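next input, structure requested:
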Amino acid sequence: FNTCTMFSRVSCMNVERLLSFQMRSVASVPDSHVVLRKSKFARQPKSMSADEAIQVIKSGHSVYVHGGAATPIHLLAALCNYADNSKIRDVRLNHIHLEGDIRFYDKKYEDVFRGNSMFIGGNARHAVNAGRADFTPIF
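Presented below is the predicted three-dimensional model:
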């Protein structure tokens with residue numbers, strides 16, 4: 001997979017695991033019950049830590065970060081830690097609206113990350129107003 005979908009894929013591993021099962025009803029079981037059967041075509045998602053997942057991001061990459069209540073806060077924190085210990089630069093982070101404490105908007109990451117918010121929240125506004133991030137209105 002490419003880095004643009006990495007955040008969504010890592011945060012949706014449990015959903016993928018659920019989708020790898022087929023649901024079928026059984027005549028002897030009431031209609032309100034279902035039996036999960038492993039599909040012969042199911043692919044098993046690779047499990048990894050946030051620190052391992054972040055290492056695929058390289059300088060110059062553009063990454064979409066899922067927003068709202070599904071903001072991957074732990075992955076973003078791991079991304080900032082990775083930036084502290086590596087020489088990545090010019091990583092573009094695109095998102096709609098992020099929840100929580102978003103460290104990549106801190107001034108110390110000005111040369112590392114460039115955020116592009118498509119719906120500004122309070123945690124991105126200071127960086128956009130200071131010229132360290134971009135705003136692309138979509139609504």
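
now the element after the longest helix seen in the chain, going C-ward?
Counting residues, the longest helix found in the chain (DSSP state H) is helix 73-85. Toward the C-terminus, helix 73-85 is succeeded by strand 91-95 as the next helix or strand (DSSP states H and E).

so what touches that following strand?
57, 59-67, 83, 104, 112-118 (C-beta atoms under 8 Å, 6 or more residues apart in numbering). Any C-beta I mention is one placed from the backbone N, CA and C, and that applies to glycine too.

show me the contacts for residue 114.
So residue 114 contacts 90, 91, 92, 93, 132, 133, 134 (C-beta under 8 Å, 6+ apart).

circling back: just the buried subset of the contacts of strand 91-95, please.
57, 61, 63-67, 83, 104, 112-117 (16 or more other C-beta atoms under 10 Å).

of those, just say which sits nearest to residue 43.
Set against residue 43, the nearest of the buried ones among the contacts of strand 91-95 by C-beta to C-beta is residue 66 (21.3 Å).

the closest one: which element?
Going by DSSP H and E, residue 66 is not part of any helix or strand.
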